[in-house]
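Student: got a predicted structure here, sequence first:
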Amino acid sequence: MKQLMLNLTLLISLTIAPLSVWANCQQADLLFKQSQAEGNDPEQQQNWLKQATRLCPNHREAHYQLALLQDNDQHWAEAQWLYQRVIEIDPNFVPAYEKLGDVLMKRGDSRQAAKMFDQCETLAKENAKKRCKDSLDKAEQKIPESSETKITNDLTDQKSIGPRQLKSDLLVRFEYGSYQIKKHDQTWKLCKEIAASVHSLLARKDLKKIRIRIEGHTDSIGSARYNEILSKQRANRVKEVLVNDFNVPEERLEVIGMGEYQPIASNQTRYGRLLNRRVTLVRIDR
């Protein structure tokens, strides 16, 4: 009898719990609709929406509208969290990716913004797809180049233990299918940072014999053989600029083309392909 009572209690609690959640979400839906009524001031809207999100944590529209209000008030950290929550609730909700990308751009994180716009473009249709593509173009151009300090730190990591290779992955901006570098373009400026880093390392007594391998990498567009050739051409061109324009000793550099075989991101998205088109500097003196 005692066991039977326990089983009944458990059954009742399991039955009531879903009903309670359903009731809360019904109430949250009413609060959401109330928040959208004409004449509501933003502060009152936020109060209703916050109540709705507390009552029903998976209410997508309440979270999204609250995010828009926080965004408009320039409360970007709160807006970012809310847009991310919307995406957790519904990973196919395109507007949240677009708005989250905008907020990340405002917060100076163009790399993560590009990732959001890329996902937006992948999921979107028609007009929204074009907006996402245009935003992705702008975000890509704003992704910062690596600095001399970062490259130097990557290649002299004091926390490195044992034989682990020290390396620095660098975003390069070659034209599609090209290995040309024009003076004062973004890739040339990146070479300038690389050269400054190498010179600073060579100036250290303990690193006088440092050698650097320049690895070229591509995305997977085109044949594997084509990418292998192109990656080596790009790495060679970087080496030429370092030697001819910035006086890096040629004997300190070697080149290899890795092709498409060592991706660091998915080649299924435009953003992933952007990350995979890179040059990696590797210390080979130890």
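Tutor: Everything's here; your move. Residues are numbered from 1 along each chain as shown.

Student: can you tell me the element the closest residue in space to Ala265 that isn't next to it in sequence falls in?
Tutor: Excluding the flanking residues, the one nearest Ala265 by C-beta to C-beta, 6 or more residues apart in numbering is Gly272, at 3.7 Å. Bear in mind the C-beta positions are built from the backbone N, C-alpha and C, glycine included. Assigning secondary structure by DSSP states H and E places Gly272 in helix 270-276.

Student: how far away from the center of its chain is that helix?
Tutor: 10 Å (C-alpha atoms, centre = their mean, to the nearest Å).

Student: do stretch 208-219 as well
Tutor: 24 Å.

Student: helix/strand/coil for the spatially most central residue of the chain?
Tutor: In the chain, the residue lying closest to the centroid (C-alpha atoms, centre = their mean) is Gln112, at 3.2 Å. What DSSP: H, G, I helix; E, B strand; the rest coil gives for Gln112 is helix.

Student: how far away is Ser231 from Asp285?
Tutor: Distance of Ser231 to Asp285, given as C-beta to C-beta, to the nearest Å: 23 Å.

Student: should've said Arg85
Tutor: Counting by C-beta to C-beta, the separation of Arg85 from Asp285 is 48 Å.

Student: which one of these two has more residues nearby?
Tutor: The neighbour comparison of Arg85 against Asp285 (other C-beta atoms under 10 Å) goes to Arg85, with 18 against 13.

Student: ok, back up a step: quick one: the residue nearest to Ala265 and Ile221 touch, right?
Tutor: No. Contact between Gly272 and Ile221 fails when scored by C-beta atoms under 8 Å: they sit 11.5 Å apart.

Student: need the residues touching each of those two.
Tutor: Between them, Gly272 and Ile221 share no contacting residue under C-beta atoms under 8 Å, 6 or more residues apart in numbering.

Student: for the stretch 51-200 of the chain, what spans make up the helices?
Tutor: 60-72, 76-89, 94-106, 110-123, 126-142, 148-155, 186-202 (DSSP state H, counting those that start in this stretch).

Student: the shortest one: which residues count as buried?
Tutor: Okay, so that is helix 148-155. Within helix 148-155, the residues scored as buried using 16 or more other C-beta atoms under 10 Å are 148, 151-152, 154-155.

Student: quick one, grab the pLDDT at the closest residue to Leu104 other than its chain neighbours.
Tutor: In space, not counting the residues next to it along the chain, Leu104 is nearest to Ala113; the distance is 3.8 Å by C-beta to C-beta, 6+ apart. For Ala113, the pLDDT comes out at 94.
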